[in-house]
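> Mind looking at a prediction? Sequence and model below.
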Amino acid sequence: SDVCSSDLSDVPATGEPPQVTISFAQTTPVISSVVPATLGQGAAAVPMTLSGSNFFAPATVKFVGPSTGVTASVRATTGTTVTVAPTVASTATPGQYDIVVTNPDEGVAICHGCLTVVAGPKIRSVSPSTLAPGSTTTLTVTGTGFSSDAQLLGPPGTKVSKPRVSSDGTTMTATVTVSA
């Protein structure tokens, strides 16, 4: 807590109350890292941690870049982290986005180009295209933009393993089991 004291013994007696001005220095937040730093078009409420210093609640976060398609809600703020949940519109322009953190005292940190938006995944084919009840099969999905954290979901009655994604992001394979 800040303490302010003054000696009013030298204030002339004018009958008016003395004027005292108290000012506090603005804190300048600093962003030192962003995890994850890349999101695809269509990403929804992905947990992201901004690490650094001098963050204060309720900090606000906005993304500035080639389009307005990246938004976020702040989930938590400590002195060294801001946790946000960005959503990237499927129509957001791929490219570099600045991350702007604003403290309640108007202190601002800008991390230039710290978020990269990439094209979202596009499926070109699925093989096999049909699966028989009671079967277990390796499913292959080809396309572009698949990330290492991709997930495949099936209809009720199917169990899908975590997919293996090729290093170039063009193929995913998973084991699919269909209930009888």
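Received, thanks.
> Does the helix or strand bottoming out on mean pLDDT in the chain pack against any helices or strands, and if so which?
One helix or strand of the chain scores below all others by mean pLDDT, DSSP states H and E: strand 38-40, with a mean of 86. Packed against strand 38-40 by the contact rule (3 or more C-beta pairs under 8 Å, 6 or more residues apart in numbering; DSSP states H and E) you find strand 81-88, strand 108-118. Where C-beta positions appear, they are placed from N, C-alpha and C, glycine not excepted.
> what packs against the next helix or strand along the chain from that strand?
Following strand 38-40 in sequence order, the next helix or strand is strand 48-53 (DSSP states H and E). Counting contacts by 3+ C-beta pairs under 8 Å, 6+ apart, strand 48-53 packs against strand 30-35, strand 81-88, strand 95-102.
> how does it look with 10 Å?
Counting contacts by 3 or more C-beta pairs under 10 Å, 6 or more residues apart in numbering; DSSP states H and E, strand 48-53 is packed against strand 30-35, strand 70-77, strand 81-88, strand 95-102, strand 108-118.
> Go through that strand and flag the buried ones.
Residues of strand 48-53 classed as buried by neighbour count (16 or more other C-beta atoms under 10 Å): 48, 50, 52.
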